[in-house]
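Undergrad: Got a sequence here, can you build the structure:
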Amino acid sequence: MDTKALRQKILDLAIRGKLVPQDPNDEPASVLLGRIRQQKQQMVKEGKLKPKDIKNDSVIFVGEDNLHYEKFADGSVKCIEDEIPFELPDGWAWSRLGAVAEAIGDGDHQPPPQTSFGVPFLVISNVSGGRLSFENTRFVSKEYFSQLPETRKPRNGDLLFTVTGSYGIPVLIDSDDKFCFQRHIAIVRPCTISNRYLYVILGSSYVKSICDAKATGTAQKTVGLATLRELLIPVAPYKEQMQIYAQTQDALSIVDSVSSDKEDLLNIIESAKAKILDLAIRGQLVPQDPTDEPASVLLERIRAEKEELIKQGKIKRDKKESVIFRGEDNSYYLKTGELVESLEDWDFEELPGGWSVCCLGELCDYGNCTNIDTADIADSAWILDLEDIEKNSGIVLQKVRQGERNAGSTKHRFHKGQVLYSKLRPYLNKVVLADEDGYCTSEILPLEFEWNILPQYARYFLMSPTFLRYANKCSYGVKMPRLGTADGKKAIILVPPLEEQKRIVIAIEQTFSQLAFITENLS
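TA: As a prediction, the model looks like this:
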């Protein structure tokens, strides 16, 4: 269920008069609009408004030809039928937003002097999500606040609306708290018309579409105040306005509940996937088979092959190679050169029968990559960047070719079947099993497991909570943490028998497929 779309559908039905039934006994909206005009004229006489504040107010009516016309203060009349976006129920009427508001203005265009305390000065982040937030707010002096015009001092009942960037949920002020705000926020002060009804209108996709179409600017799109004042709004009879707000809030509360439940379920699914991987790498996901060849035999074969390659001079012995051994206390230790470290932080219990433990560097040539200049890469070649990978799932969101990306800098070459591990910000858990040859950013390490253990099992191990904890602990850098090569090589990997690796991979993929089906049916 797309709850965002459902919210907008409810609001759009509301402003079209399709959410609550009409009562022919209700006072027509045209009478309400007439009262609003009288009220604003009286405010001019009392000095609460200036004549210029109402000079652009107009009256919209339906002529004898059943077309919509607009009459201006100077007596001129214009047909605006082509501006009318949709048909209204009987008893409703169209009006400009400026005609039903005492004032429409924005905040301070010059950054005011900041103080450590005083009156809060709000920015866009303080009014996002439809609620006022005074967390991490700036402050201005009381003297500065007192000198502001009244339209920049919000009152209980006013509406705030962001006019720069994205145009989302408006904010209905329901307190007497004193604050002021920046120019990227507009204030709408209703006159006689229900502020709660205007809240529904300003939150609709109808208003958002107009703002999107009429916003100007390059880096940040901004809606001008003139656009807001000229905004055509549907006006319901006053009694129906109150019913619309109440019905809308009831409906939206149900949507919010569904959205919250959906978010909770998605979090449960993510936790379940992490738990499944944790059980898998501890030998608790599938049963062991005593007839399987032990992992120790596999590791001895790997080590023997490596020794043979060293004798043949095809590779060199790594003087900093890490070796895992069991001490007299039956605990596991890691020896790198003369340095001996306890592995108690890895928090793995007694391994199942047939399982072994070794360093990641023993199973793959961790960090030893083939660098290729992009000038030597064909336009048809797959270029993998970090942004192409979904966090936590390792799903490739898009496959971009060199001709499309025109990537610069040196790339790492990889081939089909390699595990591609992102050493940058490892907490994002971006690990991919390559399904074709290609090239990747230098922040991704191609790891070759094919001749040692199943690459699918290795991928799931690198995505497990156990490995994530280690990678996050060993990462260096504050803003852009990375897992270093030395720490990557000596990372611990729990190795099941080869046949059990196959059973583990099948079990994980079947379970993940079921969870993916549930997730897809939530959207």
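Undergrad: rest of the way, CA atoms for contacts and neighbours
TA: Fine.
Undergrad: Residue 285 in helix, strand or coil?
TA: Classification of residue 285 by DSSP: H, G, I helix; E, B strand; the rest coil places it in coil.
Undergrad: Distance check, it against residue 65.
TA: 76 Å (C-alpha to C-alpha, to the nearest Å).
Undergrad: same thing with residue 430?
TA: Going from residue 430 to residue 65 by C-alpha to C-alpha gives 64 Å.
Undergrad: more neighbours, the two?
TA: residue 430 (27 against 6; other C-alpha atoms under 10 Å).
Undergrad: The more buried one contacts residue 390, doesn't it?
TA: Yes - here residue 430 reaches residue 390: they are 6.7 Å apart, a contact under C-alpha atoms under 8 Å.
Undergrad: Near residue 95, how many other residues are there?
TA: So residue 95, with other C-alpha under 10 Å, has 22 neighbours.
Undergrad: Where does it fall, secondary structure wise?
TA: Here residue 95, judged by DSSP states H and E, is contained in strand 93-96.
Undergrad: and residue 445, what is it in contact with?
TA: 366-367, 369, 412, 420-423 (C-alpha atoms under 8 Å, 6 or more residues apart in numbering).
Undergrad: Give me the contact list for the helix or strand bottoming out on mean pLDDT in the chain.
TA: When each helix and strand of the chain is scored by mean pLDDT, DSSP states H and E, strand 322-326 comes last, with a mean of 77. Residues from elsewhere that reach strand 322-326 (C-alpha under 8 Å, 6+ apart): 332-337, 357-359, 361, 489-490.
Undergrad: partners of that strand in the sheet?
TA: Looking at strand 322-326 with DSSP bridges, its partner strands are strand 332-336 (antiparallel).
Undergrad: For the next helix or strand after the partner strand, give the mean pLDDT please.
TA: Remark: after strand 332-336, the chain's next helix or strand is strand 339-342, criterion DSSP H and E. Per-region confidence: strand 339-342 scores 82 on mean pLDDT.
Undergrad: what helices or strands is strand 339-342 leaning on?
TA: The contact analysis (3 or more C-alpha pairs under 8 Å, 6 or more residues apart in numbering; DSSP states H and E) places strand 339-342 against strand 332-336.
Undergrad: The strand it packs on: which residues count as buried?
TA: Buried positions in strand 332-336, judged by neighbour count with 16 or more other C-alpha atoms under 10 Å: 332, 334-335.
Undergrad: on that earlier part again, list just the nearest of the contacts of residue 445 to residue 241.
TA: Looking at these and their distance to residue 241, the nearest is residue 422, at 54.5 Å (C-alpha to C-alpha).
Undergrad: hang on, the closest one packs against residue 430?
TA: Yes - proximity of residue 422 to residue 430 meets the contact threshold set by C-alpha under 8 Å, at 5.7 Å.
Undergrad: How much space separates the nearest residue to residue 396 once chain neighbours are set aside from residue 443?
TA: Leaving aside its sequence neighbours, residue 396 sits nearest to residue 389 (C-alpha to C-alpha, 6 or more residues apart in numbering; 4.7 Å). Look at residue 389 and residue 443: by C-alpha to C-alpha, they are 13 Å apart.
Undergrad: out of those two, which sits in the busier spot?
TA: Taking other C-alpha under 10 Å, residue 389 and residue 443 do not tie; residue 389 has more neighbours (21 against 18).
Undergrad: For the more buried one, list the residues it contacts.
TA: 395-398, 430, 432.
Undergrad: Tell me the one of the residues you listed nearest residue 235?
TA: residue 397 (44.9 Å).
Undergrad: quick one: the closest one from residue 269, how far?
TA: 20 Å.
Undergrad: likewise residue 374?
TA: Residue 374 is 40 Å from residue 269, where distance means C-alpha to C-alpha.
Undergrad: now do residue 37
TA: Using C-alpha to C-alpha, we find residue 37 at a distance of 56 Å from residue 269.
Undergrad: Tell me if I am right that residue 507 is in a helix.
TA: Yes - under three-state DSSP, residue 507 sits within a helix.
Undergrad: so it touches residue 286, yeah?
TA: Yes - the pair residue 507 / residue 286 is scored as a contact, 7.5 Å apart, by C-alpha under 8 Å.
Undergrad: Pull out the buried residues from the contacts of residue 389.
TA: 396, 430, 432.
Undergrad: Report the contact partners of the nearest residue to residue 354 once chain neighbours are set aside.
TA: Nearest residue to residue 354, sequence neighbours excluded (C-alpha to C-alpha, 6+ apart): residue 294, at 4.3 Å. Each residue near residue 294 by C-alpha under 8 Å, 6+ apart is listed here: 353-355, 496-497.
Undergrad: Could you tell me the per-residue confidence at residue 294?
TA: For residue 294, pLDDT reads 94.
Undergrad: do the one 3 residues further on as well
TA: pLDDT, the model's per-residue confidence, is 92 for residue 297.
Undergrad: re the thing from before, after the strand holding residue 95, heading C-terminal, what element do we hit next?
TA: strand 101-106.
Undergrad: Show me how far that following strand is from its chain's centre.
TA: A distance of 32 Å separates the centroid of the chain from that of strand 101-106, by C-alpha atoms, centre = their mean, to the nearest Å.
Undergrad: go on, stretch 273-285?
TA: On C-alpha atoms, centre = their mean, the centre of stretch 273-285 falls 28 Å from that of its chain.
Undergrad: Stretch 221-232 now?
TA: Worked out by C-alpha atoms, centre = their mean, stretch 221-232 lies 28 Å from the chain centre.
Undergrad: which other residues reach that stretch?
TA: 84, 94-99, 104-106, 163-165, 184, 186, 211, 214-216.
Undergrad: again, only using 6 Å
TA: 95-98, 163-165, 215-216 (C-alpha atoms under 6 Å, 6 or more residues apart in numbering).
Undergrad: and if you look at stretch 203-212?
TA: So stretch 203-212 is contacted by 11-12, 169-170 (C-alpha under 6 Å, 6+ apart).
Undergrad: Now do it, average pLDDT.
TA: Mean predicted confidence for stretch 203-212 is 91.
Undergrad: want to throw the contacts of residue 445 into a markdown table with secondary structure?
TA: Formatted as a markdown table, those follow (three-state DSSP):
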| residue | secondary structure |
| --- | --- |
| 366 | coil |
| 367 | coil |
| 369 | coil |
| 412 | strand |
| 420 | strand |
| 421 | strand |
| 422 | strand |
| 423 | coil |
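Undergrad: Can you tell me which of those is closest to residue 74?
TA: So of those, ranked by how close each gets to residue 74 (C-alpha to C-alpha), first place is residue 422, at 67.9 Å.
Undergrad: list the contacts for the closest one?
TA: Contacts here follow C-alpha under 6 Å, 6+ apart; on that basis residue 422 touches 430, 443-444.
Undergrad: try it again with 7 Å
TA: 430-431, 443-445 (C-alpha atoms under 7 Å, 6 or more residues apart in numbering).
Undergrad: That one bridge partners, please.
TA: Under the criterion used here (DSSP bridges), residue 422 is bridged to residue 444.
Undergrad: and it, what pLDDT?
TA: On the pLDDT scale, residue 422 is placed at 96.
Undergrad: Repeat that for the one 10 residues further on.
TA: According to the predicted model, the pLDDT of residue 432 comes to 96.
Undergrad: same thing with residue 409?
TA: On pLDDT, residue 409 comes in at 81.
Undergrad: cool, and residue 311?
TA: At residue 311, the pLDDT value in this model is 85.
Undergrad: ok, now the one 3 residues further on?
TA: Here the pLDDT value assigned to residue 314 is 74.
Undergrad: would you put the C-alpha positions of stretch 252-269 in PDB?
TA: The C-alpha coordinates for stretch 252-269 follow below in PDB (Å, rounded to 0.1, in the frame of the first residue of the first chain):
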ATOM      1  CA  LEU A 252      -5.400  10.400   7.800                       C
ATOM      2  CA  SER A 253      -5.000   9.000  11.300                       C
ATOM      3  CA  ILE A 254      -5.900   5.500  10.000                       C
ATOM      4  CA  VAL A 255      -3.300   6.000   7.100                       C
ATOM      5  CA  ASP A 256      -0.700   7.000   9.700                       C
ATOM      6  CA  SER A 257      -1.400   3.900  11.700                       C
ATOM      7  CA  VAL A 258      -1.100   1.700   8.600                       C
ATOM      8  CA  SER A 259       2.200   3.600   7.700                       C
ATOM      9  CA  SER A 260       3.500   3.100  11.200                       C
ATOM     10  CA  ASP A 261       2.600  -0.600  11.100                       C
ATOM     11  CA  LYS A 262       4.200  -1.000   7.700                       C
ATOM     12  CA  GLU A 263       7.400   0.700   9.000                       C
ATOM     13  CA  ASP A 264       7.400  -1.600  12.000                       C
ATOM     14  CA  LEU A 265       7.000  -4.600   9.800                       C
ATOM     15  CA  LEU A 266       9.800  -3.500   7.500                       C
ATOM     16  CA  ASN A 267      12.100  -3.100  10.500                       C
ATOM     17  CA  ILE A 268      11.100  -6.600  11.700                       C
ATOM     18  CA  ILE A 269      11.900  -8.000   8.300                       C
END
